[in-house]
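Undergrad: Could you look at this predicted model? Sequence included:
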Amino acid sequence: MTYRVMGVDPGLTRCGLAVVDIEPNRRSTLVAVGVVGTDPGRSLDERLLVISEAVDSWLELHSPHVLAVERVFSQLNVSTVMGTAQASGVVIVSAARRGIPVALHTPTEVKAAVTGNGQADKAAVTKMVTKILRLQTSPRPADAADALALAITHAWRRGVQPGIAPGTVTPAQRIWAEAEARARRR
């Protein structure tokens, strides 16, 4: 059974999106990769809407079993952290609406899983993603490579197994679904 993972490297200016199929032997195959960009001159609501619509489209088109998202971490630039957190929230809600489980992974976890070194730089991550997926050229920009690394990391860390299948939901997704069901009954 092939396990399909969508990786998202959230960002307000550039949001990396990737879909990878993982076989039980961990062989990974690229399905799609891209970056959604938003114009910093636009309002926050307009930018988040662009990201939301792109993620919705990818979820519908590729039907992943799970969504792997980079966990927001503290940086010195508070506005960058806020934008990343806002983009992450939009992505997570898009998955929750469809009952798709969401997993969060730190940058250190991703680097360690893909390169064997939690302190690896972006060039090393890109090089290993290119090798793992047997690509002729490296994915660009770095946001695309990071999204691919997230998808690979999730499958490798969680294992490709029937126990994590479509329809599996997190507690937050269950609460969301129950709230929607109550609203429909009213």
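TA: Perfect, thanks for sending it. Numbering: from 1, shown residues only.
Undergrad: in this protein, what secondary structure element scores lowest on mean pLDDT?
TA: Lowest on mean pLDDT, DSSP states H and E among the helices and strands of the chain sits helix 171-185, with a mean of 58.
Undergrad: Quick check: buried residues in the strand or helix carrying Val125?
TA: Element membership for Val125, per DSSP states H and E: helix 122-132. Applying a neighbour-count criterion of 16 or more other C-beta atoms under 10 Å, one finds 125-130, 132 buried in helix 122-132. Where you see a C-beta, it was placed from the backbone N, CA and C, and this is true even at glycine.
Undergrad: any idea of the mean pLDDT in the helix or strand that that helix is followed by?
TA: Downstream of helix 122-132, the next assigned helix or strand under DSSP H and E is helix 142-158. Mean pLDDT, computed over helix 142-158, is 92.
Undergrad: List the buried residues for helix 142-158?
TA: Buried residues in helix 142-158 (16+ other C-beta under 10 Å): 142-156, 158.
Undergrad: Quick check on the closest residue in space to Thr2 that isn't next to it in sequence: phi, psi?
TA: Using C-beta to C-beta, 6 or more residues apart in numbering and skipping the chain neighbours, the partner closest in space to Thr2 is Asp21 (4.7 Å). Main-chain torsions, Asp21, degrees, to the nearest 10: phi -100, psi 130.
Undergrad: Against Leu30, how distant is Asp21?
TA: Applying C-beta to C-beta, to the nearest Å, the value for Asp21 to Leu30 is 8 Å.
Undergrad: And for His154?
TA: 15 Å.
Undergrad: do the same with Pro64
TA: For Pro64, the distance to Leu30 - C-beta to C-beta - is 13 Å.
Undergrad: Between the two, which contacts overlap?
TA: Val19 (C-beta atoms under 8 Å, 6 or more residues apart in numbering).
Undergrad: more crowded one of these two?
TA: Per other C-beta atoms under 10 Å, whichever of Pro64 and Leu30 has more neighbours is Pro64, with 24 against 18.
Undergrad: so who does that one touch?
TA: Contacts of Pro64 by C-beta under 8 Å, 6+ apart are 4-6, 19, 100.
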